[in-house]
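Engineer: Fold the following.
(chains A and B)
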Amino acid sequence: DTGVSQDPRHKITKRGQNVTFRCDPISEHNRLYWYRQTLGQGPEFLTYFQNEAQLEKSRLLSDRFSAERPKGSFSTLEIQRTEQGDSAMYLCASSPGLAYTFGSGTRLTVV
Amino acid sequence: AQKITQTQPGMFVQEKEAVTLDCTYDTSDQSYGLFWYKQPSSGEMIFLIYQGSYDEQNATEGRYSLNFQKARKSANLVISASQLGDSAMYFCAMREPPTKTSYDKVIFGPGTSLSVIP
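Structural biologist: This next block holds a predicted model:
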């Protein structure tokens, strides 16, 4: 499978716990994006990597959120001290420059 | 301010009929790109079609066509010969060029839920 892979598909966590999601992009794509999608809404931009450099972070991304892309390959998104408002689908996308290819997302539920 | 507007929260269409999903956008840039994505209940966003702002002809991809009216800032998606598998959320999206404070990225509208009736 040469698509974008995200792991896990689903995550249920208690409020206050830390969670980490992983994204494996298409190998030849140098651009990687994280989006968040809440029920009934379109995806909202969170952060952007070009190779290993994190070039932009949305103001939506509080200090509890951190993302990395070591060596410009896979990426991780960590949420510390989760809150119920963090419940959403977290989508990863990669791109060589124009259209994005999305993964299937990680659905986070904070209880 | 909302940059992508999709005024139809939900649409129904009879199988084998054509359907148009509306999208209007707001930008002051001359160079931009417009996309449509499909999101079935499984959650994955599937790229359907792309239109560049300088493209003179409307984009087509199989049963999908994009009705691009630049002066009206509209980019409606037309699906011909609807199939049951077309039932999904559809998102209109726009890629703006980079600015001094922002890299180029794709921003999405709120989506339209399409249901195909047998």
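
Engineer: in chain B, which spans are strands?
Structural biologist: Ranges of strands in chain B, per DSSP state E, are B:4-5, B:10-14, B:19-21, B:24-25, B:33-39, B:46-52, B:60-61, B:64-69, B:74-79, B:88-96, B:105-108, B:112-117.

Engineer: what's the third one in contact with?
Structural biologist: Right, strand B:19-21. With Cβ atoms under 8 Å, 6 or more residues apart in numbering or on different chains as the test, strand B:19-21 has contacts from B:6, B:8, B:11, B:13, B:36, B:67, B:76-79, B:82, B:90, B:92, B:112, B:114. Yep, even glycine has a C-beta here, placed from its N, CA and C like the rest.

Engineer: of these, buried ones?
Structural biologist: For the contacts of strand B:19-21, a neighbour count by 16 or more other Cβ atoms under 10 Å in any protein chain shown gives the buried set as B:6, B:13, B:36, B:67, B:76-79, B:82, B:90, B:92, B:112, B:114.

Engineer: I'd like to know which elements the lowest-mean-pLDDT helix or strand in chain A is packed against.
Structural biologist: Least confident helix or strand of chain A, by mean pLDDT, DSSP states H and E, is strand A:53-57 with a mean of 91. Helices and strands touching strand A:53-57, by 3 or more Cβ pairs under 8 Å, 6 or more residues apart in numbering or on different chains; DSSP states H and E, are strand A:44-50, strand A:65-68.

Engineer: Highest mean neighbour count out of these?
Structural biologist: Mean neighbours per residue, mean count of other Cβ atoms under 10 Å in any protein chain shown, is largest over the helices and strands packed on strand A:53-57 for strand A:44-50, with a mean of 20.

Engineer: how big is the angle separating that one from strand A:53-57?
Structural biologist: On the basis of axes from the mean of the first three to the mean of the last three Cα atoms, to 10 degrees, strand A:44-50 is oriented at 160 degrees to strand A:53-57.

Engineer: Residue 4: neighbour count?
Structural biologist: Since no chain was named, I'll use chain A. A:V4 has 24 neighbouring residues, counting by other Cβ atoms under 10 Å in any protein chain shown.

Engineer: You answered for a different chain; I wanted chain B.
Structural biologist: B:I4 has 22 nearby residues by other Cβ under 10 Å.
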